[in-house]
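J.: This is a predicted model, with the sequence first.
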Amino acid sequence: MREIVLDTETTGLSPQGGDRLVEIGCVELVNHVPTGQNHHVYINPERDMPEEAFRVHGLSDEFLRDKPRFAEIAPGFLDFIADSPLIIHNAPFDMGFLNAELEWCGRPRLVNPVIDTVMLARKIHPGARVSLDALCKHYGIDNSRRTLHGALLDSEILAEVYLELIGGRQVALALSAEVLSARHEAGGRMPARQRPAPLPPRGSAAEVEAHRAFIAEMGEKALWAQYES
């Protein structure tokens with residue numbers, strides 16, 4: 001199962017008010033494991049950067065001036081996410097901007113399944129703070145690098161938080177511990193697992209009896225005779 005953890009940075013809070021995307025960061029998970037395949041782009045918003053937004057992510061007009069416009073990065077972004085489920089913290093915000101940008105450049109809106117980790121965290125921790133920083137603190141995830149918001153860094157951190165929310169990390173550790181324990185008890189080799197009860201014969205009674213008669217004709221040293229005994 002492939003999933004994409006995604007985050008964006010913008011010039012403000014509302015695409016309807018003229019705000020634009022300035023950064024997209026994506027992290028690929030396969031079967032809840034980061035693959036190391038990421039997608040990261042800076043985007044020229046074709047407008048000025050408000051001081052309030054600059055204080056959040058530190059992306060200046062000068063830095064973004066020579067970056068590609070959204071229409072130029074859209075094909076690569078869409079190819080990367082494909083039809084995979086998107087894991088997003090406060091998904092309506094990011095999806096609102098992504099769909100607005102896609103509409104502005106004549107492309108269809110995203111139809112990918114979306115998992116909002118804010119809603120997920122509220123179900124798991126009712127009444128608790130569910131900001132990304134608060135969840136990092138709750139799960140003991142190091143976010144000391146997060147002095148400013150950044151789409152790729154926040155996606156990497158969110159991937160760790162998401163795995164904690166769904167129990168993926170604990171399940172993986174439990175399975176690893178079980179495997180190591182079984183290997184240790186077997187003297188370094190993995191023991192063969194036995195069925196608690198043998199499977200019933202799939203042949204009819206007549207077929208089983210004919211098979212036994214056929215084996216008897218082979219003599220006592222026949223391999224099949226050992227299985228029958």
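T.: Nice, thanks for sending it over.

J.: what are the phi and psi values for Ala210?
T.: phi -70, psi -40 (degrees, to the nearest 10).

J.: what's the answer for Val5, then?
T.: Torsion angles, degrees, to the nearest 10, at Val5: phi -90, psi 130.

J.: Tell me where this structure has helices.
T.: Remark: helices assigned in the chain by DSSP state H are 51-57, 61-64, 70-81, 91-104, 117-124, 132-139, 151-165, 168-185, 205-216, 223-228.

J.: which residues touch the most centrally placed residue in the chain?
T.: By C-alpha atoms, centre = their mean, the chain has its centre lying nearest to Leu29, at 3.6 Å. Applying C-beta atoms under 8 Å, 6 or more residues apart in numbering to Leu29 gives the contacts 2-5, 35, 87, 159. Every residue, glycine included, has its C-beta placed from N, CA and C.

J.: Report the buried members of the residues you listed.
T.: 3-5, 87, 159 (16 or more other C-beta atoms under 10 Å).

J.: Closest to Ala128 out of these?
T.: Ile87 (19.5 Å; C-beta to C-beta).

J.: Pick the one among the buried ones among the contacts of Leu29 closest to Phe70.
T.: Ile4 (17.8 Å).

J.: Which pLDDT value does the model give the closest one?
T.: Ile4 carries a pLDDT value of 98.

J.: where does this protein have low pLDDT?
T.: 168-203, 221-229 (pLDDT under 70).

J.: again, 80 this time
T.: The model of the chain has pLDDT under 80 over residues 147-148, 168-229.

J.: Any idea which of the helices of the chain gets closest to Leu21?
T.: Here helix 91-104 is closest among the helices of the chain (C-beta to C-beta), at 5.2 Å.

J.: which residues touch the closest residue in space to Asp19 that isn't next to it in sequence?
T.: Using C-beta to C-beta, 6 or more residues apart in numbering and skipping the chain neighbours, the partner closest in space to Asp19 is Gly12 (3.6 Å). By C-beta under 8 Å, 6+ apart, the contact set of Gly12 is 18-19, 50, 52-53.

J.: redo that, cut-off 7 Å
T.: 19, 50, 53 (C-beta atoms under 7 Å, 6 or more residues apart in numbering).

J.: filter those residues to the buried ones?
T.: 19, 53.

J.: Just name the closest of the contacts of Gly12 to Asp79, please.
T.: Asp19 (25.4 Å).

J.: Wait, that closest one touches Leu13, no?
T.: Yes. Asp19 is in contact with Leu13 according to C-beta atoms under 7 Å; the separation is 6.5 Å.

J.: Thanks again, I'm all set now.
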